[in-house]
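J.: Give me coordinates for this.
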Amino acid sequence: MTQQQPLSSKALRPITHGRVVAVAFPAFLSGITEPLLSLADVAIVGQLETAGLQGGVALASQIFTFTFWTLGFLRLSTGGYTAQAFGEQNEQRLFAVLWRGLIIAGVGGALLWLLAPLFWFGLNSVMGWQTDLRPSVETYLGIRIWAAPAVLFSFVCFGWLVGHQRTGVVLLLQAFINLTNIAVSAWLVLVLDMGVAGVALGSVIASYAGVALGGLILLRLGIIGRAGRSGLDGIWQRADWLKLFSTNTNFFLRSLAIAVAFLVLFKAADWLDQRGGLDGVSTDTLAVLWQMFGLIVYGMDAFAVAAEAFSGEAVGAGRRDRLLRSTRLVVFWSLVSSVIAAVIFATAGSGALAYITKLPDVLALSRELMPYIYFSGFYMTAAFMLDGIFLGATRAGDMRDSVIAGLVVQTALVLVLVPWLGMHGLLISVVGFMKARGVVLMLRYPALVASVSERASPETKASA
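T.: Okay, the predicted model is just below:
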């Protein structure tokens, strides 16, 4: 039986500063395009000048985004296992990862269709929509849910491409989906006068158009034909399915813990408003700062994606030296980006706040708290970069534990510091959340390195 040729020899190329930046930069551009979708939907509906529509679409869009964010484990597990198969240069395993992800996406999308009415009923019971928002929320979500399989398919496709270090293709697909969404939604709403339904339908059409383009790209690269020949034989390995189920479960629990951490922050800010009769100043300030914080998170996450790709490659190749080098390089570039972000926000952040909010009290408090944003890259580096390293190694249990530890530390700091220091205490708790995550992963990093099975590299074999 002849050995199949690997899909690519990229796994054997040296890990350099240039390669890290080449993977991270498209990932950064792809990440910052995501919030534009919700903003575009809200802006398009705003042209109708009908009360309640903008608020309803904004709320419904956030619900949809959050719901599918918790299902992002599909992207995470697919990316990690793909990177390992890529480093191992095991083509059968590489395509089996793709097929398993697509199967889960198809079944998951169908289940979301079936369970949607129950989900909306529970959501309505818990949240109790305002009378003017409920019709637009229900219309938007009722149509947007039909994009579920396409969104999940995209998660798998994006993860598989990240594992190949093809973040440029991910950027192309993300940009295509976003631009299609804006164009189609604008046409349906402003030309055909479909209102909220047009915005939701535009998103659905864009999602499936993105899947179609992704399929065409894979077909042109010759990947689809090879996936059929190589991947189908290894799909139904019971041990691999059980391992994938365990990994996805831990990633899902990690996502839930992060969601709870966000909820704790906003509940604490709401408590400050109620205690001080501040009429929403604390919650509005937290929302404003979160927009600024998010820009730095996208930068951090881009290098975490690079860490994921290169660490998974190293684990699959059985190369501890490559794992250690990828760790050093992504931490270096994360710190460089942190310095750049600190300089930008220190010089322009205060002025930028004036464009985000016009409320004097919110603006004053936001400016007072901006130093926590200036230096956020430095206290997030360990958490984000090690997250990427552990993700590439698919050490989902360690990642879950780090977030749970962060949640415990954050909650304790909120309870102790917020009544004493107010919003300063709240943001100190965010620092604690990030630092705790980083500490847990740093303590477990030596075990990760030791777990990498050293194998002779292809270069060594060739010279033997």
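J.: Lowest-scoring secondary structure element of this protein by mean pLDDT?
T.: The helix or strand of the chain with the poorest confidence is helix 458-463; it has a mean of 43 (mean pLDDT, DSSP states H and E).
J.: What is the burial count for Phe266?
T.: When neighbours are counted by other Cβ atoms under 10 Å, Phe266 registers 15. The C-beta positions use only the backbone N, C-alpha and C, and glycine is treated the same way.
J.: What residues does it make contact with?
T.: Each residue near Phe266 by Cβ atoms under 8 Å, 6 or more residues apart in numbering is listed here: Thr283, Leu286.
J.: longest helix in the chain, by residue count?
T.: The single longest helix within the chain, with elements called by DSSP state H, is helix 238-276.
J.: What are the buried residues along it?
T.: 240, 244, 247-248, 250-255, 257-258, 261, 264-265, 268-269, 271-273 (16 or more other Cβ atoms under 10 Å).
J.: which residues of the stretch 101-250 of the chain fall in strands?
T.: Using DSSP state E, counting those that start in this stretch, no strands are found in the stretch 101-250 of the chain.
J.: Break down it into its helices, ranges please.
T.: 134-144, 148-163, 167-186, 195-220, 223-230, 238-276 (DSSP state H, counting those that start in this stretch).
J.: try the stretch 351-464 of the chain
T.: 360-374, 376-392, 396-421, 423-451, 458-463.
J.: of all those helices, which lies closest to Gly142?
T.: helix 396-421 (32.5 Å; Cβ to Cβ).
J.: what's the pLDDT at Arg455?
T.: pLDDT recorded at Arg455 is 61.
J.: ugh, wrong one, Asp270
T.: 88.
J.: Next one: it relative to Val107, how far apart?
T.: As for Asp270, its distance to Val107 is 38 Å (criterion: Cβ to Cβ, to the nearest Å).
J.: What of Val330?
T.: 34 Å.
J.: which of those two has more neighbours?
T.: Val330 (30 against 12).
J.: now for the helix or strand harbouring the more buried one, which elements pack on it?
T.: Val330 belongs to helix 320-356 when elements are defined using DSSP states H and E. Under the contact definition 3 or more Cβ pairs under 8 Å, 6 or more residues apart in numbering; DSSP states H and E, helix 320-356 sits against helix 17-46, helix 281-317, helix 360-374, helix 376-392, helix 423-451.
J.: Return the distance of the fourth one from the chain's centre.
T.: It refers to helix 376-392. 13 Å (Cα atoms, centre = their mean, to the nearest Å).
J.: how big is the angle separating that helix from helix 281-317?
T.: Counting by axes from the mean of the first three to the mean of the last three Cα atoms, to 10 degrees, helix 376-392 lies at 40 degrees to helix 281-317.
J.: Turn the helices of the stretch 351-464 of the chain into CSV, including distance to Glu88.
T.: Below are the helices of the stretch 351-464 of the chain laid out as CSV (distance: least, Cβ to Cβ, whole Å):
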stretch, distance to Glu88
helix 360-374, 41
helix 376-392, 13
helix 396-421, 19
helix 423-451, 15
helix 458-463, 11
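J.: quick one: the longest helix of the chain to helix 396-421, angle?
T.: Going by the same axes, to 10 degrees, helix 238-276 makes 0 degrees with helix 396-421.
J.: so how far is helix 238-276 off the chain centroid?
T.: Worked out by Cα atoms, centre = their mean, helix 238-276 lies 13 Å from the chain centre.
J.: Helix 423-451 and that one, what's the angle between them?
T.: 170 degrees.
J.: so where is the chain shaky, pLDDT-wise?
T.: Residue ranges of the chain with pLDDT under 70: 1-12, 34-43, 46-56, 121-133, 224-232, 454-464.
J.: hmm, 50 instead?
T.: Within the chain, the set of residues satisfying pLDDT under 50 comprises 1-6, 8-11, 456, 458-464.
J.: domain ranges for it?
T.: 15-236, 248-452 (automatic domain parsing).
J.: for the first one, how far is the first residue from the last?
T.: Distances were taken as Cα to Cα, to the nearest Å; on that basis the terminal residues of domain 15-236 are 34 Å apart.
J.: Please apply the same query to the shortest one.
T.: Domain 248-452 stretches 21 Å from its first residue to its last (Cα to Cα).
J.: start at 532 instead
T.: Done: numbering now begins at 532, and the last item shifts to domain 779-983.
J.: ok now that domain, how far from the chain's centre?
T.: 13 Å.
J.: same question, the first one
T.: Here domain 546-767 is found 11 Å from its chain centre; the criterion is Cα atoms, centre = their mean.
J.: on that earlier part again, between the helices and strands packed on helix 851-887, which one is nearest to Val735?
T.: Per Cβ to Cβ, nearest to Val735 of the helices and strands packed on helix 851-887: helix 548-577, 12.0 Å.
J.: following the closest one, which helix or strand shows up next?
T.: Counting by DSSP H and E, what follows helix 548-577 is helix 584-600.
J.: What is that next one packed up against?
T.: helix 548-577, helix 665-675, helix 679-694, helix 726-751.
J.: let's see it at 10 Å
T.: helix 548-577, helix 622-658, helix 665-675, helix 679-694, helix 726-751, helix 769-807 (3 or more Cβ pairs under 10 Å, 6 or more residues apart in numbering; DSSP states H and E).
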